[in-house]
Structure formats: C-alpha cells, structure tokens
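Q: Let me see the structure of the following:
(chains A and B)
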Amino acid sequence: MAKKSKESESISATPKRAVGNQATRDKTLEKITELGRSVAKAALAESDPFVDVPTRTISNTSYNETRRLLEMGDATMRRNLFNTGQARKFMQTVLLSKGCKDLLEARKTLSLRGMYYMSLHSIPGTKEKTFDDQEESDGILEDLEVSLSTLRENLHLFAKKRGTMVGNITVVDNGDPIDCRRMGTGGYAIPSICEPGVVQFGKCEAKFVLHVEKDTVWSRFNEDRFWEKHNCILTEGSGQPPRGVRRLLYRLHKELGLPIYCLLDCDPWGHYIYSVIKQGSINLAFESERMAIPDAKYLGIRSGDFARCGLSDDVKISLNDRDIERAKQIAEYPWFVKKKHWQKEIQLMIRNGFKMEVESLITKDISYVSEVYVPERLKAKDWID
Amino acid sequence: MDAPPETEPKKPAARRKGATAEEMSDRQREISVSEFFAKNRHLLGFDNPRKALLTAVKEAVDNALDACEEAAILPDIYVELLQRSETRFKVTVRDNGPGIVRKQIENIFGRLLYGSKFHRLKMSRGQQGIGISAAGMYGLMTTGQPVLVISKTSKKKPAVEVLLKMDTSKNRADVVSETEHPEDDGLFSDGHGTQVSIELEGRYQLGRQSVDEYLDQTAIANPHASFTFVNPNNERIEFKRGTSELPPESKEILPHPKGIELGTLIQMIERTARTQIGGFLQEEFSRVSPSVSKEICQRAGITPRTWVTQIGHKEAEAIYKAIQEVRIMAPPTDCLVPIGTKALLSGLLKELKAEFFTACTRPADVYRGNPFLIEVGLAFGGELPKDELIRVIRFANRVPLLYQQSACASFKAVLETSWKNYGISQSRGSLPDGPVVVMVHMASVWVPFTSESKEAIADYDEIRKEMKLALQEVGRKLGIYLRRRQRMRNEGERRSIFERYIGEIAQATEAITGTSAKKIYESLMRVAQKKTEEADAILDDEGKRVKDADPFGRDDSVVILPVRSARAGEDERKSHQEGGGQSKTLFGDEDGTGEAKRSRKKN
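A: Next up is the predicted model:
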C-alpha cells in the first residue's frame, strides 16, 4: 500500500529519528528500571510487591469544560502479586516491562503483536502461557504506559497500521517526502506513530480535512477526486480511528490550522467516533491532550437526512436494544448533555428507530455523497458541533 | 379358637342348624407357637425368598456372635451359601464359640421361644429366642430338609453332629440322626464352636438388603469379629478384624419399675418367691430402696409387710398406679456396652473408603424404664457416591437393620437434623445428599422394635432425642472438617497461583534491575507460604483464631485420611485393621493431618 511500510510483526532496524531521541529513551528506561527496583525491593523485604496503575475507566475520567477534553483523574488501582485476582496481571506487567526495556536497549521498535510474541512462552512446569492472546498483552501495555506515565511511542511500540490519507499535502515520513496528491487509489497508509520525530509536514495547500469513517467511503471520495476539487485532505480511520490517525488529525488541526469535518455513520458507534476525535477516549484519557480536537465538526450523516435526502426504506437498519442503550449513554456524556443539537440528533435517531450508514447515500447516486451531500453541507455550514 | 365352625355344604337344610358346644369343643385345641409362626412366617422375616435367605444368615450370625462374646472369645465367623438349585440354598454358619452341650441342641435349634435371652434384661443381639429355630423351620417347610448342627465344646471332646427335624405341632425337634466326629475334626480349628446348616428356598441377590450388605454392616458394628463369606459363586470375601479388643461383657439388670406393665407386674407377683410385698419390690426391681418401696406401698394403701399372697388384682393395680407417681432413680446404665468411639471408627475405617470419619457415643438415657444409649458414626467423602442421598445404616445391639428404614426412629432423627448447617445439602423432608454414610446404633437391654422381625426401632421421644443429639455432634465435626477442607483447597489454589508466577517475576525483575533472580524467587516464595498459611489458621466456633491449626488436634473421635491414600486404598487401609486402628494417621494427630494437607496439595 504505502511506501516504506514496516512489517508490523518483526523487529526492524530503524534510523534514530524514528525511535525518538536519546534523552527520552533514557528517561523511559529509568522509569522501567524504577518499576523493577520497587518489585525487587518489596520482594527482598518479603512484602507484597505491587504496581500502581492509573484507573482507565469512566469513573476516573472527567470532562474539562474549559479545555473541552477528557482528562484522566488521579485514581490508581494497586496491582499486587499476592492477590489471586491480580497475580497473573502483575506477572504480565513485569514481563512486559522487561520486554520494553530490551526493546529500548536494542534501539528498535516493535508492533504490539511483536511484543506479545516476544513475551509469550509457557510458564515452566505448567501448561499455562504467559498470555492467552494479544488482547491480554495489549491491555497490559496500555496499563504500563499509564503506570510509567509515558507513551506507547516512547516504549518503542506501535500498533498495526490503520487509516489512510490523500490530499493536497506533502508529508515527510522518516525522512522520505511523500506527496499525498499522488497516491493513486490506495492512499498513504497513516503510520501508527505520527510524532513530529517521525512525520513532518511539508507543503500544504489544503484548507480543511474531511475525515470519513471507513475505507469504502474514502475510496468513493478519492476516485471522485474530491480532495482536488475542494482542496482538502481526505482521511479515514477504519472505524474507531487508531492513535496514529488521531494524532495526525490533531497535528493537521493544530500545526496547520485546518478545520476537521467528520463524515460518520448515523448510529451510536459513529457518534462515539466523533466523540473520541473531539474529546478523547475514556480508555486513553491521558492522551487527550495530544489528540483531542474540540473544534472537530460532525457533518453527517444525520437522522434527518433520511427525509431530507429522500432515502428509500431499504437503507434503514433497525436499532437494537443495545444501540438504544448506548445512544442514551452517549447523550448523557457531559460533553454532549448541554448540546441541544446533539440531544435532538440522538433523540431523533431513537425516535426513528433506525440507523443509517454513510453508504446509504449511494442509493441516491453513486457519487451523491461526494458531489452533492458533502459539498452542500460544507457550503451551508450545516454541521453540528 | 380361631377356626369358625363350618357348615355342611352337601345338605342344605331348610333351617340352618348350628354346631353344638360339644361339637365345637372337639375342634378346639391348643395351637403351638411353632404352628402359629409356620403360618405367619412374615412376622419373623421370612416373607419372601430373598428376605428369608438373609434372615436365616442373620439369625445364625447373631447367635454366633452372642455366644462368642458371652464366652469371651474373639469371634471368627464363617458364612457359606451353597446354591443347590435356582431357588434352593444351603446356608452354613460356623463360629468358634463355646459350642453347645448335646442335650440343648434340640431345644436351641428346634424350639421356638426357647433361649437364654428372653427372661433377662441384658444387652444382647437376640431377644426372644425365635430366630434360628424359625429359620430351621422355614427350611424344613420349603425344602423338607432337616437342620444340620455340628457342635464341639472342647478340644478333648468329639464334635457331635445332629440332624434335626422340627415338629411344629409340638414345638419340639426330632433327632433324625446323630453321629460323633473324631476328636481331631478339623472343622473347628480352635477346638470348639458350632456349625449350623439349613437348606431353604431363597434368592441370592446383591445390593440393598442383601446378605453381603448385612455382613458388611455387621463387620462395621463388630470390628472385633472377623467374617469369611463364601458366596454362591464360590467367591471368598474376607472381613478382617479391626480391633482385637473384646467388648466388655454386658451386665444383666433387674427390670425398672417404671418400665413394667400391669400384666407383667401381676405375673411377677404370682411367681415371686418373696413373701412380703416390700421385699418383692426391693429384690425384683432395680432402684427400689426400702424408702421407695415404702412410699409405693403407702400410696397403694398397703404396707411393705403386706403378704404377697394377699395382693389381688385390685391391689396390684394400686401398686402399678403408685409406681407411676413415685419418683424413682433412673435404672443403672452400666449394663450397656457401647461399641465405643474408637471401635466404631475402626469398623467404619476398614469397611468404607472415605476420607473423613467421626463417631460419637452418647451418655446413657432411659425410655420406659429401659436404659439405652445411642452411638452415631459418620463417614464422608473418598469413594463414597457423590450424587446420591446419604446412606443411613442402622443397628440395634450391633445388629444391622436392613428393612423398614423409613419406619425407624433413627431414620426420622436423620431427617430432622439440619444437615445444611454442616455443609451437606438437604431438600425439605428428604435425606440429605452427598458422599456420606451415617451409622446409628442403639444399645439397650430391650430394644423396642416395631415388629418381631426386628427391622425398625420404635419411635420413642427419648430415643429420637438422643439420636438427634448424637447426629448433631458428628454433624458439627463434619461441618468443621468441610469448612477447613474448603479453606485448604482455596489456600492450595492460591498458593499454586502465586508460586506459578513467582519464577517469571523473579527472572524479569533480574533482567530489569540486576538483582539476583534466585534471591527474589526465594523471598517471594517465603511470602507466598506466609500469606497462604496465614489464612490456614482455623477459626473456632466463635470465630476466634485458634493457634493450633488443627481443630481436631486432640479429638480422638475423628479420623482424617489423606485423600490420595484413601483412594489408593488397600495398603493404607490394612494398617488400620489391627490394633484398634492406632496407626499414625489415625485420630487426627498432627502428623496425620499434616500428611493430609500435603497430599491434598499434590492433587
């Protein structure tokens, strides 16, 4: 797909720039060593070793109204070795700390999956594996990130690439200039790590960013050369955008001053994607500051579009009980609760009793979404905030 | 007496002509007890072929055990079932008892209601002297074969072999043949003993209420006896001795006034050799002192010096009434010989493959003037079936009761005990379920059976109350054990979780910090031990921590077997068999439970 894509499941030697600077690495290494020392000290003192992990739940997340983003609270959960419910996780935390230390010392980066494999083995004398699956390891790595108050990038870890970009911009990725105007049908694969040390922005004519939910819709826009006609950047995040995409959007907004418009499905899932882009996620509230874009706008599609665009009944997808429950939850979020438009939007969806995908606009015409719907909304500044 | 006059069917007369008193008198005659029972054999436990076979074995074995114990001989009982045809069996029971003198053989094996046990109040297996002769009679009736008795009373005397045929009308046995065995007869290795063989119609079937079950349970309640059983398939099954200690001989006691009925009282007055009523009361009853005797007489409106001959029905009734009103000391209870906690345990241990055993012997109590005591044993876990109702095995004077479970006081007592409190589930109105065998034993000079076939203990309040108290006691101990077992399992699991991860943690920590993995590992393992041992501490009934980690440390009414060896079975078991089960793991000494802990952990 993209140039210079890394094989996500193998350690690859990377130039210095990609893995941050010496000072950051030393700092991270010191933090890991500190964690190890506290375990060793507790062990030798014959007490119960522990790691304090900041809680990543909604209860430890608060909405900062002035900054308009989610922030993580101070609550931590102590993870002890001598607690049957925590012993395994404690072991995994120590094990992955060691993995990250090795990685930093080797000056290499590894995918989350690679790190999972690196730390995976059977516990001697048992049939138990250190990890059941990658998900288990991913969760512990996120814990480790917050426990060490560092970032995944600083641990030299990256996620599987997800998300694509095309548009009137040139980026420099790991020293290679990439002209996003000449990306063919595939587009530029947004890397997992989009820190300034890895990705820099070059020449940019674009006036705004249109972020769409999925690859299929993105392809529609790309084929119709929407970004060329409207002088913008076109991104997609394959559903819930990964950290790389969010970081890139943030930087495009912050550093280049580009407004961000989102075209997402009309369902609780789409609404939550918008919420994450705008305010940050509950799980990664500690990263909101670096990723949340409080000014991002929600272009569509909206519950009213069914009538407004004269869509056929065939595009309706009934809301199930979980959808309704989730929609109500979202409406209750502090950052939505005071927004009349959002309350109206969610209520209308519930009243309609159905959800719609962006693709439903294709029933009107193949290029209805790129040639009519979005241009009209942008022109009329018809979005919700 | 019982036969109604018959009418002549051939000559239907116009006017029905009744029998005259003379005619009726011709037909009226005494019926012998034997005749009565021949017609009502179900009353004695010979209702069907299967039960008949069991009853015959049971009566013979009960007699053999009684005889051995009275002669202070450790019983070795040999039981053989020989299948003659599909429905015909020859039952042979041989003991190493004192033997029977020649002239008594006809009486003992040929007469119903003949025996040494009916006329005295003494704890023994048989009571009425019906059993073995009834079995012989049943055999004669169903197969026509006489009873074969061989008896040897001493090494020096030859064994006598007698073939007996019951004469039901005379309640007597006729000797068919009589031979003497040579002196060196190998039949009785101890030089004395009795063997009886009865051929009868029966059915041999395994399972509940079988000969096997009877012998199994008898072995539990009589750990001092050894049994050899040769079944119809010619398989030899050995029930080894669990203790070589003979139970002490039970003492005979005089009847207690409160336990006597008016009719019996009148009979006793008629038969007494005493001349004055005061002496009669003092000498022929237990617990009647001169002052009690005086009080009874005063209340009855007579004096202790009143001649016995002057006591008529009216006076007797007055005495009977007075007895009920006067406070009389409870009868002596030293006449009772409990199996004893220790022997109970050794009996359970050798016959049941369980992991937890406990037993309890209650102090004696009195019902209707008869002293009695209740013992309860309980076995839990091991190889006992898990998903069934618990098994209740009942005994009266060491004899297993196999029929009419639900009519028995012991069964009701088990139902009424709240087993849920002890960690055993129980649905309303039914037996609890779980891998449990509960044994209830009643020892008494007179066990109140609900019928002559001695199948269920009558439900007296006093008896049921004692049973419940005993059940509660063993239940509590089971509860303590189960809670502790659960805790130990939890602890074992916890410990193994910690131990599993400590190695990983130590290595990773060394890689991060350079601190020796070995040191970290050893320290953390010590913490793991400490952490889990802390929770090992046992709470006593009030919830306080007991320093001694073993709640049964000094309780010799409890035996806990290491689960694994209880499963592995035989070798471990053998060590308990001799010497009253005093081997190391018995009675929950520290070593024993330590062993249990360790082996559990390995599981």
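
Q: Domain ranges for the chain, per the record?
A: Answering for chain A, as no chain was given. Domains of chain A are assigned by automatic domain parsing as A:12-48+A:83-158, A:164-380.

Q: Sorry, I should have been clearer: chain B.
A: In the recorded assignment (automatic domain parsing), chain B comprises B:38-239, B:257-325, B:341-477, B:480-602.

Q: can you tell me which of those domains comes nearest to chain A?
A: Using CB to the nearest CB as the measure, domain B:480-602 is the one of the domains of chain B that comes nearest chain A, at 3.0 Å. C-beta coordinates here come from the backbone N, C-alpha and C atoms, glycine included.

Q: Chain B: which of the domains of chain A is closest?
A: Once CB to the nearest CB is applied to the domains of chain A, the stretch that comes out nearest is domain A:12-48+A:83-158, at 3.0 Å.

Q: tell me how far the closest one is from the chain's mean position?
A: Per CA atoms, centre = their mean, to the nearest Å, the displacement of domain A:12-48+A:83-158 from the mean C-alpha position of its chain is 21 Å.

Q: Also stretch A:34-49?
A: Between the mean C-alpha position of stretch A:34-49 and that of its chain there is a distance of 35 Å (CA atoms, centre = their mean).

Q: what does it rub up against?
A: For stretch A:34-49, contacts defined as CB atoms under 8 Å, 6 or more residues apart in numbering or on different chains pick out A:50-51, A:80-82, A:90, A:94, A:97-98, A:101, A:147-148, B:505-506, B:508-509, B:512-513, B:515, B:519-520, B:523-524, B:526-527, B:530-531.

Q: so what's B:D461 up against?
A: With contacts taken as CB under 8 Å, 6+ apart, B:D461 has the following neighbours: B:Y367.

Q: any idea how far B:E416 is from it?
A: Taken as CB to CB, to the nearest Å, the spacing of B:D461 relative to B:E416 amounts to 12 Å.

Q: that older thread, how about a markdown table for the domains of chain B, with mean pLDDT added?
A: Rendered in a markdown table, the data for those read as follows (pLDDT from 0 to 100):
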| stretch | mean pLDDT |
| --- | --- |
| domain B:38-239 | 85 |
| domain B:257-325 | 89 |
| domain B:341-477 | 90 |
| domain B:480-602 | 64 |
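
Q: Quickly find the element holding residue 346.
A: Picking chain A for this. For A:I346, the enclosing helix or strand under DSSP states H and E is helix A:340-352.

Q: ah, no, chain B please
A: Under the criterion of DSSP H and E, B:S346 resides in helix B:341-351.

Q: next structured bit after that helix?
A: Using DSSP H and E, the helix or strand that follows helix B:341-351 in sequence is strand B:356-361.

Q: Beyond that next one, next helix or strand please.
A: Following strand B:356-361 in sequence order, the next helix or strand is strand B:365-367 (DSSP H and E).

Q: what residues does chain A put near chain B?
A: Within reach of chain B by CB under 8 Å from any CB of the partner chain, chain A has these residues: A:32-33, A:35-37, A:39-40, A:43-49, A:81-82, A:84, A:87-88, A:90-91, A:94-95, A:97-98, A:101-102, A:123-126, A:128, A:130.

Q: those strands in the stretch 51-200 of chain B, which residues are they?
A: Listed in chain order, the strands of the stretch 51-200 of chain B (DSSP state E, counting those that start in this stretch) span residues B:76-85, B:88-95, B:121-122, B:147-152, B:160-167, B:172-180, B:193-201.

Q: for the stretch 151-300 of chain A, same thing?
A: Counting by DSSP E, counting those that start in this stretch, the stretch 151-300 of chain A has these strands, from start to end: A:157-158, A:164-167, A:169-173, A:176-179, A:188-189, A:199-204, A:208-212, A:232-236, A:260-263, A:297-300.

Q: Let's have those strands in a markdown table, adding distance to A:S360, mean pLDDT and mean neighbour count.
A: Conversion of the strands of the stretch 151-300 of chain A to a markdown table gives the following (distance: least, CB to CB, whole Å; pLDDT from 0 to 100; neighbours: other CB atoms under 10 Å in any protein chain shown):
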| stretch | distance to A:S360 | mean pLDDT | mean neighbour count |
| --- | --- | --- | --- |
| strand A:157-158 | 35 | 89 | 25 |
| strand A:164-167 | 22 | 95 | 26 |
| strand A:169-173 | 30 | 94 | 19 |
| strand A:176-179 | 33 | 94 | 13 |
| strand A:188-189 | 27 | 94 | 21 |
| strand A:199-204 | 32 | 93 | 16 |
| strand A:208-212 | 14 | 96 | 25 |
| strand A:232-236 | 17 | 96 | 27 |
| strand A:260-263 | 12 | 96 | 24 |
| strand A:297-300 | 11 | 90 | 22 |
